[in-house]
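Q: here is my input, please return the structure:
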Amino acid sequence: MTDQKSSYLQILKTTSLFGGVQFLNIIISIIRTKLIAVFIGPAGMGIIALLNSAINTINGATSLGIETSAVKHISGDYKENDLKSVSRIVTIVRKLVLITGIFGTLLTVVFSSWLSTLTFGNTHYATAFIFISITVLFRQLSSGQLVVLQGLRKMRLLAKANFYGNLLGLLVSIPLYYCYRIDAIIPTIIVVSLSALVFSFYFSNQLGIQKEVINTRQVISEGKSVVRLGILLTISGLLTLVTTYLIQIYIEKTGGLEEVGFYNAGFTLLNSYVGIIFTVMSTDYFPRLSAISEDNEKVRESVMQQSYISILIITPIIILFLTFVPLIVKVIYTESFNLIIPMVCFGIIGMLFRAVSWSMGFVLIAKGDSKMFLRTAIGFNVISLLLNILGYTYYGLEGLGFSFLIYYIIHFVGLKIISKKRYGLYFEKDFYLTYLVCIFLCGITFLLRYIPNPIVKYSLMFIMILVSVSYVLFHINKKMELKSVFNALIKKKNG
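A: Predicted coordinates:
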């Protein structure tokens, strides 16, 4: 098998591993979301969205981006099958997240009244912020364990840690929501973050990495390289969190708490369920890209391969989503959430552009191109905020979906120009031809939604599903010769 085919196969294998686990995680998330929608309604979802946005902002501001920068440093230091080569950097990372987690928790407690006033317009939720402040520590400690698994590319352990953490969180939250309804919001947020922490420690400790004795002064001194890149990532992540936070506050002030619930429900579908494919692929993609970041040609090949697989995987998912979105909304939420359907239909098309811009965006991080990274982070978040405010002001929830689509088209074009000029990154003609066909298939399916006759509409949509799946399988087979791969797997199993 050629190196190129091996690369495509590695991407597909990692995606399949995490895709299967994340599918189970999505089922867990759907059940949890359904319970929330039934037991506490859109207003309750609005409260959860605002609380989580505030906590995520604090977490993003105080974590110093260690959860991403540490992956780059661990994967760079790791010598295959030699855990001693990373024992020092792992110890430093674990101590850093403890320090930042404690700081974030204290910051939340101190500013609890201010957070409540900014988020809800009063101080009634100050106590709630004090209680959930501990989740900042839990989340950062958990991320400190998971980055070790990711940096060492221990994908099976990482997948298990995520799955079991989510499962325990669900099992505990079900009786809480059933018994206490809206009063269960605070304890559930705490329980979910605690369960994730427990399993992240359990599976990370299975590696058996020796703990080194390092004092606080050494941690600060030797952790500078991790923190330096992390601060840039923090600024970028914080800008995104603040943008989301401001959008939600604007919606709450303009349209009310229920509108925030609808907004959050719609983008949960896009980012948590459909967008999970990007999380799945980035788990292996970022460490792999970091390892070859000095070689522009290898970077170009890796980005193109990742983009190619991304658009092929996301295309049939988008078409399936467009076809069954009324059923999906009904199953995950309730019929009162049908208002979000136009919003998510526009937004889901944006995912096709996000798939490629997402692949290019990691190049800036892997190369440590700090100045350009910061400029793009500021510029794109300002554009996102303005587009969302304009979209909601003039067209309501549907306008938010349309602004999401426009934003990712701009994001794609912008990163394409930047990566071409700075790193010589370009895509070959075959990629563009495949990409245009994928855009065409998704665009046609989107337009089919407006056919009034349901029999004609869904018949044509079903045909589009078959066409997209056939097209994707044809191109994946062209790159990897699936038949030979399956035959090798069967022989290995029988052997």
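
Q: can you get me a residue count around the spatially closest residue to residue 270 that is not a sequence neighbour?
A: Nearest residue to residue 270, sequence neighbours excluded (C-beta to C-beta, 6 or more residues apart in numbering): residue 347, at 4.8 Å. For every residue, glycine as well, the C-beta is placed using N, CA and C. By the criterion of other C-beta atoms under 10 Å, residue 347 has 28 neighbours.

Q: looking at it, residue 347 is touching residue 406, isn't it?
A: No - in this structure residue 347 lies outside contact range of residue 406 using C-beta atoms under 8 Å: 10.6 Å.

Q: re earlier: helix or strand: which one has the residue nearest to residue 270?
A: According to DSSP states H and E, residue 347 maps onto helix 341-367.

Q: what is the orientation angle of the following helix or strand past that helix with helix 341-367?
A: From helix 341-367 onward toward the C-terminus, using DSSP H and E, the following helix or strand is helix 370-423. Helix 370-423 runs at 90 degrees relative to helix 341-367, counting by axes from the mean of the first three to the mean of the last three C-alpha atoms, to 10 degrees.

Q: tell me the helix or strand right after helix 370-423.
A: Where DSSP H and E defines the elements, the next helix or strand beyond helix 370-423 is helix 429-448.

Q: which outside residues touch that following helix?
A: For helix 429-448, the surrounding residues in contact (C-beta atoms under 8 Å, 6 or more residues apart in numbering) are 304, 307-308, 311-312, 315, 318-319, 322-323, 345, 349, 352, 356, 427, 457, 460-461, 464, 467-468, 471, 475.

Q: stretch 467-475 now?
A: So stretch 467-475 is contacted by 312-313, 315-316, 319, 434, 437, 441, 482 (C-beta under 8 Å, 6+ apart).

Q: now list the buried members of the residues you listed.
A: Taking 16 or more other C-beta atoms under 10 Å as the criterion, what is buried in the contacts of stretch 467-475 is 312-313, 315-316, 319, 434, 437, 441.

Q: okay, now the domains of this structure?
A: Domain assignment for the chain by automatic domain parsing gives 20-232, 292-495.

Q: just how off-centre is the shortest one within its chain?
A: It refers to domain 292-495. 13 Å (C-alpha atoms, centre = their mean, to the nearest Å).

Q: quick one: average pLDDT of that domain?
A: For domain 292-495, mean pLDDT is 86.

Q: again with the first one
A: Per-residue pLDDT over domain 20-232 has a mean of 79.

Q: pretty sure residue 132 is in contact with residue 188, am I right?
A: No - if you go by C-beta under 8 Å, residue 132 and residue 188 don't touch, sitting 10.0 Å apart.

Q: the more surrounded of those two?
A: For residue 132 and residue 188, the more surrounded residue by other C-beta under 10 Å is residue 132, and the numbers stand at 26 against 23.

Q: which ones are touching that one?
A: 51, 55, 108, 186, 189-190.

Q: try 10 Å
A: 51-52, 54-55, 58, 105, 108, 112, 125, 138, 185-190, 193 (C-beta atoms under 10 Å, 6 or more residues apart in numbering).

Q: from those, which land in helices?
A: Counting by DSSP state H, those place 51-52, 54-55, 58, 105, 108, 112, 138, 185-190, 193 in helices.

Q: rewinding a little: does the residue nearest to residue 270 touch residue 266 like I think?
A: Yes - under the criterion of C-beta atoms under 10 Å, residue 347 makes contact with residue 266 at 6.9 Å.

Q: which neighbours do the two share?
A: Both residue 347 and residue 266 are contacted by 340, 398, 400-401, 404, under the criterion C-beta under 10 Å, 6+ apart.

Q: quick one: these as TSV, columns for neighbour count too.
A: What follows is these, written out as TSV (neighbours: other C-beta atoms under 10 Å):
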residue	neighbour count
340	28
398	21
400	28
401	26
404	26
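
Q: what about the closest residue to residue 268 other than its chain neighbours, how many residues nearby?
A: Leaving aside its sequence neighbours, residue 268 sits nearest to residue 33 (C-beta to C-beta, 6+ apart; 6.7 Å). Residues within reach of residue 33, counting by other C-beta under 10 Å, total 21.
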